[in-house]
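Q: Fold the following for me, if possible:
(2 chains)
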Amino acid sequence: MATHMADPAPSAEFEEFLEAHLDQEMLRFTTAGSVDDGKSTLIGRLLHDTKSVYEDQLAAVKKSRVNRASGGHVDFSLLTDGLKAEREQGITIDVAYRYFSTSRRKFIIADTPGHEQYTRNMATGASTAHVAIVLIDAKAFLKHGSLLPQSRRHTYIASLLGIPHVVAAVNKMDLVEYSEETFTAIRGEFLDLARQLGLKSVEAIPVSALEGDNVVSLSRAMAWYSGPTLLEYLETVPLQVEELNGPVRFPVQLVLRPDSDFRGFAGQVARGILRAGQRVMALPSRRETAVRRIVSYDGDLGAAAYPQSVTVELEDEIDVSRGEMLVAAAGSGDALPEVSRHFRAMVVWMHEDPLVVGKTYIAKHTTRTVRATVRAIRYRVDVNTLEHGDAKRLAMNEIAEVEFETNLPLFFDIYRENRNMGALILIDGLTNATVGAAMISEAVEVAPEDEARPVLVLLPGREALAERVRERLLLRGERAVIVDDALIPESALVGVVRALQLAGVIAVSARSVDADVLGQIDNFIEGGLLTGEGLDDDEVLRLAGVSE
Amino acid sequence: MIATDIDVEEAVSQPARLNHLQALEAESIAILREAVAEFARPVMLYSIGKDSSVMLRLAQKAFYPGKIPFPLLHVDTSYKFPEMIAFRDAYTKEIGADLIVHRNEKAIAAGANPWTLGTQACCGLLKTRSLLDALEEGQFDAAFGGARRDEEKSRAKERVYSFRDTAGQWDPKNQRPELWSLYNSRLKKGESIRVFPLSNWTELDIWLYLYAEKIPIVPLYFARERELVKRGSSLILYQEGMKMFPGEKVETRKVRMRSLGCSPCTGAMPSEADTLPKIIAELMAFRRSERENRAIDHDEEGSMETKKREGYF
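A: Purely as a prediction, here's the structure:
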């Protein structure tokens, strides 16, 4: 096979080029604007002026049946409006990703539409972005007398999704005679809004996407502007390093067991730096061991940092599965993540069927999938005024702070501190649709008995109560089964309870169990045994966390 | 070259950031692993092209020191270049991968060809139908594909996890929102997901990675004197027994393939680039998109979108 790689030693010149390209950083940004703000034109202009458009693509646009531009301009928006339906209707209907690079950076653009009904798309594009470009139409600003509600909404969503840098591209400056006064007024309102939202890194740049002013080249028509062009800004804005500096988090994706000698935990470092030899703790078991090796195809590594994908071998044979997590051992100085079944999160709802209190969804957080029940909607945010109001349900494209309870604990950091450790998606268990995005705002303290989650509820001789407990648990969003099936002999009970524990299912029984067997179960369920002995029904229900 | 062993001392004071190829690699490996963890029967579509070669190396990395835990599926239209088939058989054997080759034998026996059927109908039978049959036969619930979003306009909207209904079809208006790197893998019986680990790679990234990782590719990618026929604006490589049209003659030119499809429908380009560095240098110098030489994308405006809706990758 080596014959196909008949490369002579590459020239020094090429080596230099290659090194430069390998050393490029990657910056992801998203664009948000209202329907006629000229967003597609801006992106088309960025691609065109950085020579990222292929000749044949440009030729196809020039001869296209639809051309929204007039006066002999090439309609750059056609470069990015991908689907037939869009070209015909002249709108952008979904998130599209574009790529270009300059000698400094490689860029990924998440191009999101600005229609009111598509807030979910903006949230999607924003979720992975380092920078948000908020398009503001200078002419519409003059007509309306202030920022349009859409611009406020876009800036709010950028802040909500935790995008580190937000830049306002004040577009259509050519239609307001390149007026400094107009730009200053828009900039002032935008900075006020940014301050109100707690955004730390903000900038405003006057541009004309149609004419190309201040997009890639400095504008001759706006000599009064001394800041960077939009591209210069994108090339130089500092990339966040917060993910590297925080405490280490390694969610286990997959256990690799190619043979009996090797057991590796494969995953992507979600935060911080994991080092060979480091003492680590597995969650939720809280067992500690050390990292023996960090294994990769290219050889063992001394350390692995966010966002590297590696495989970790541990010194001791401790039980760790997919959905569990390695963090620094206690006493290392690293803060532990929250380990809890109760939290509040900002939710962006993405489905026609509303979010309702009491309903249970499937939640995916890091590599862990659990069932999450909506306990309360604390407030809904009016995205145009940013005011809080009451709500019983959450419709598509609405945003609210919601309190959740999960059937199994999650290991999380709040979203503001770390996006990977604070983000989750919500899935409807019946339709399998992705219905919402949630960003954890805080863990909720609960009384110990509310937090109590039994592994085995043992109620000898009280069949009716056992069934009631099981039903109440199901209503709470738990999974629970009665283990009094004739096919489960007492001798198998230890294994059954253990298997159910690992699957996150609560075992409920009305049988009488031998003290010996009970002892064995007690060994691994760590206080998760609830016996009904000496307790009345109400007390049992209370201790099981399912008071009526 | 790609996997960075971070200098621990340095990392404490000023953590090293991954460059873009390392970041892309890490993301792709995470996608491959996530799908293997969550799907019952994944399969990898292996087209023998440069993107497949990168995807295959990433799969080797993702499951190292284990073997690739799923089979590779090649949909053979019977019009592939002989060099591709030779490469496929030798390379998959060398890395110990499990290979499934699927052909729509009924259509091939019936003489399906692009000259009389047109490229769309021919692709429909030999690629799309064949692929859907193979996925159904293997009961695969997830199929990795090497498509990149920078290839073509309709691909730019594709998710990393692209949901397909029970008929294997794509509905661009009804895709699941995809946030962060949290992918929704839940399916009902008969539904499936196409997984695209290379979504965020560009053509240049692919070539840089092939070079940096010393990954073998089909020799057709390298420029060499080859016999060919000029057909319209395309240069079609001459094959033994090939159907010729009136007025066509065989000539010899130094050419290479920029992307590999079926021999009658994939044009060559004149080139002096006989090494990877020269290909990369050439790529930087000209600005024509790689699918330009594929007849299938140009039949009508939006033809790739139409094919994807029908079940094509």
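Q: Low-confidence bits of the stretch 101-250 of chain A, can you list those?
A: Along the stretch 101-250 of chain A, the parts satisfying pLDDT under 70 run over A:114-118, A:240-241.
Q: What residues does it have near chain B?
A: Proximity of the stretch 101-250 of chain A to chain B, by CB under 8 Å from any CB of the partner chain, involves residues A:101, A:105-106, A:108, A:111, A:120-121, A:123-124, A:127-128, A:239, A:241, A:244-245. C-betas here are computed from N, CA, C, even on glycine.
Q: Keep only those of those that are in helices.
A: Among those, DSSP state H puts A:120-121, A:123-124, A:244-245 in helices.
Q: filter these to the buried ones?
A: The neighbour-count test (16 or more other CB atoms under 10 Å in any protein chain shown) marks A:120-121, A:123-124, A:244 as buried among those.
Q: Identify, from the residues you listed, the entry nearest to chain B.
A: Proximity of these to chain B (CB to the nearest CB) peaks at A:Leu244, which lies at 3.8 Å.
Q: wait, that closest one sits on A:Ala304?
A: No. If you go by CB atoms under 8 Å, A:Leu244 and A:Ala304 don't touch, sitting 11.3 Å apart.
Q: Identify the contacts common to these two.
A: Here A:Leu244 and A:Ala304 have A:Ile273 as joint contacts, going by CB atoms under 8 Å, 6 or more residues apart in numbering or on different chains.
Q: export the ones in helices among the residues of the stretch 101-250 of chain A next to chain B to JSON lines and tack on distance to A:Asp137?
A: Formatted as JSON lines, those follow (distance: CB to CB, whole Å):
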{"residue": "A:Arg120", "distance to A:Asp137": "23"}
{"residue": "A:Asn121", "distance to A:Asp137": "19"}
{"residue": "A:Ala123", "distance to A:Asp137": "22"}
{"residue": "A:Thr124", "distance to A:Asp137": "23"}
{"residue": "A:Leu244", "distance to A:Asp137": "38"}
{"residue": "A:Asn245", "distance to A:Asp137": "39"}
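Q: Report the separation between B:Ala134 and chain A.
A: Shown here: B:Ala134 relative to chain A, a distance of 24 Å by CB to the nearest CB, to the nearest Å.
Q: ok so, going back, looking at the residues of the stretch 101-250 of chain A next to chain B, spot the one nearest A:Leu256.
A: Minimum distance to A:Leu256 across these is 25.4 Å, recorded for A:Leu244 (CB to CB).
Q: Tell me which residues touch B:Pro71, please.
A: Contact analysis of B:Pro71 by CB under 8 Å, 6+ apart lists B:43-44, B:97-100, B:138.
Q: same question, B:Val250
A: Residues counted as contacts of B:Val250 (CB under 8 Å, 6+ apart) are B:227-229, B:238.
Q: Of all pairs in these, which one spans the longest distance?
A: For the contacts of B:Val250, with distances taken as CB to CB, the pair at the greatest spread is B:Glu227 and B:Val229 (8.2 Å).
Q: so what sits against both of those two?
A: The contact lists of B:Glu227 and B:Val229 share B:237-238, B:250-251, where a contact means CB under 8 Å, 6+ apart.
Q: ok, which residues in the stretch 251-400 of chain A are in contact with chain B?
A: By CB under 8 Å from any CB, the part of the stretch 251-400 of chain A that sits against chain B consists of A:253-254, A:256-258, A:262, A:264, A:266-268, A:273, A:275, A:295-299, A:301-305, A:307-309, A:311, A:322, A:350, A:362, A:364-365, A:367.
Q: So how do I select the buried members of these in PyMOL?
A: Burial among these is assessed by 16+ other CB under 10 Å; the matching PyMOL selection reads:
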select buried, chain A and resi 253+254+256+264+266+267+268+273+275+295+296+297+301+303+304+305+307+308+309+311+322+350+362+364+365+367
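Q: Number of residues surrounding A:Gly358?
A: Burial of A:Gly358 is recorded as 11 neighbouring residues (other CB atoms under 10 Å in any protein chain shown).
Q: Equivalent analysis for A:Arg344, please.
A: As a burial measure, A:Arg344 scores 20 neighbours (other CB under 10 Å).
Q: Quick check: it is in a strand.
A: Yes. According to DSSP: H, G, I helix; E, B strand; the rest coil, A:Arg344 belongs to a strand.
Q: Verify the contact between it and A:Arg375 for me.
A: No. A:Arg344 lies out of contact with A:Arg375 (CB under 8 Å); the separation is 9.4 Å.
Q: any common contacting residues for these two?
A: By CB under 8 Å, 6+ apart, the residues touching both A:Arg344 and A:Arg375 are A:403-404.
Q: in the chain, which segments are predicted with low confidence?
A: Here I'm looking at chain A. Applying pLDDT under 70 to chain A picks out residues A:1-11, A:35, A:54-58, A:60-74, A:76-93, A:114-118, A:240-241, A:447-452, A:476-477, A:547-548.
Q: wrong one, I was asking about chain B
A: Ranges of chain B meeting pLDDT under 70: B:1-16, B:173, B:286-313.
Q: just the helices in it please.
A: B:8-13, B:20-38, B:50-63, B:82-94, B:105-109, B:114-117, B:119-123, B:130-137, B:203-213, B:276-285, B:303-310.
Q: Let's have those in a markdown table, adding distance to A:Val469 and mean neighbour count.
A: A markdown table is the format used below for the helices of chain B (distance: least, CB to CB, whole Å; neighbours: other CB atoms under 10 Å in any protein chain shown):
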| stretch | distance to A:Val469 | mean neighbour count |
| --- | --- | --- |
| helix B:8-13 | 51 | 11 |
| helix B:20-38 | 32 | 24 |
| helix B:50-63 | 43 | 24 |
| helix B:82-94 | 55 | 16 |
| helix B:105-109 | 59 | 14 |
| helix B:114-117 | 66 | 14 |
| helix B:119-123 | 59 | 20 |
| helix B:130-137 | 45 | 18 |
| helix B:203-213 | 56 | 21 |
| helix B:276-285 | 66 | 18 |
| helix B:303-310 | 50 | 19 |
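Q: Ok, which of those helices comes nearest B:Ser263?
A: Here helix B:82-94 is closest among these (CB to CB), at 8.7 Å.
Q: quick one, domains of chain B?
A: Domain assignment for chain B by automatic domain parsing gives B:18-171+B:183-205, B:219-303.
Q: Which residue ranges of the stretch 201-350 of chain A form strands?
A: Ranges of strands in the stretch 201-350 of chain A, per DSSP state E, counting those that start in this stretch, are A:201-206, A:249-251, A:254-259, A:262-268, A:273-275, A:279-283, A:288-295, A:303-305, A:309-314, A:325-328, A:338-349.
Q: Direction included, what does whichever helix or strand comes after the last one pair up with?
A: So the one you mean is strand A:338-349. Next along the chain after strand A:338-349, taking DSSP states H and E as the criterion, comes strand A:355-356. Strands adjacent to strand A:355-356 in the sheet, as given by DSSP bridges, are strand A:393-394 (antiparallel).
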